[in-house]
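Asks: I'd like to go over a predicted model; first the sequence, then the structure.
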Amino acid sequence: MATTMFFEKRVLDPTKSGLEVHLEVGRTSFPGFNTVYLNFNGNSVQMDEATAREFIAAVENLGSYLGFSQYK
């Protein structure tokens, strides 16, 4: 069983609220199949395949809407 982290960062809320979270996103085979995991301040959740596909599609759509591109 393997885990690969794709993003890890302490994220500061830019609205000056002082909120800061540790955010980690990656893939894991820990539950017995490849899936997405999210970690917020040490609280981790692994997604089932259907939820992972829906989540990735939503993030891709959000990035496209905002004009973000991995090629920039």
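Replies: Okay, I see it.
Asks: Could you pull out the helices in this structure for me?
Replies: According to DSSP state H, the chain carries its helices in the segments 49-66.
Asks: Just give me the residue closest to the centre of it.
Replies: Centroid check for the chain by C-alpha atoms, centre = their mean gives Val25 as the closest residue, at 3.6 Å.
Asks: Tell me which residues touch the closest residue to that one other than its chain neighbours, please.
Replies: What sits nearest to Val25 in space, not counting adjacent residues and going by C-beta to C-beta, 6 or more residues apart in numbering, is Phe7, at 4.4 Å. Backbone N, C-alpha and C define where each C-beta goes, glycine included. The contact partners of Phe7, taken as C-beta atoms under 8 Å, 6 or more residues apart in numbering, are Leu23, Glu24, Val25, Gly26.
Asks: Looking at the nearest residue to the last one once chain neighbours are set aside now. What's its pLDDT?
Replies: In this structure, Gly26 finds its nearest non-sequential neighbour in Met5, 4.1 Å apart by C-beta to C-beta, 6+ apart. Met5 carries a pLDDT score of 95 in this model.
Asks: And for the residue lying closest to Leu12 once chain neighbours are set aside, the neighbour number?
Replies: Spatial nearest neighbour of Leu12, chain neighbours left out: Glu20 (5.2 Å); criterion: C-beta to C-beta, 6+ apart. With neighbours defined by other C-beta atoms under 10 Å, the count for Glu20 comes to 10.
Asks: As a quick check, tell me the outermost residue of the protein.
Replies: Computed with C-alpha atoms, centre = their mean, the residue of the chain farthest from its C-alpha average is Lys16, at 23.0 Å.
Asks: Perfect, I'm done here.
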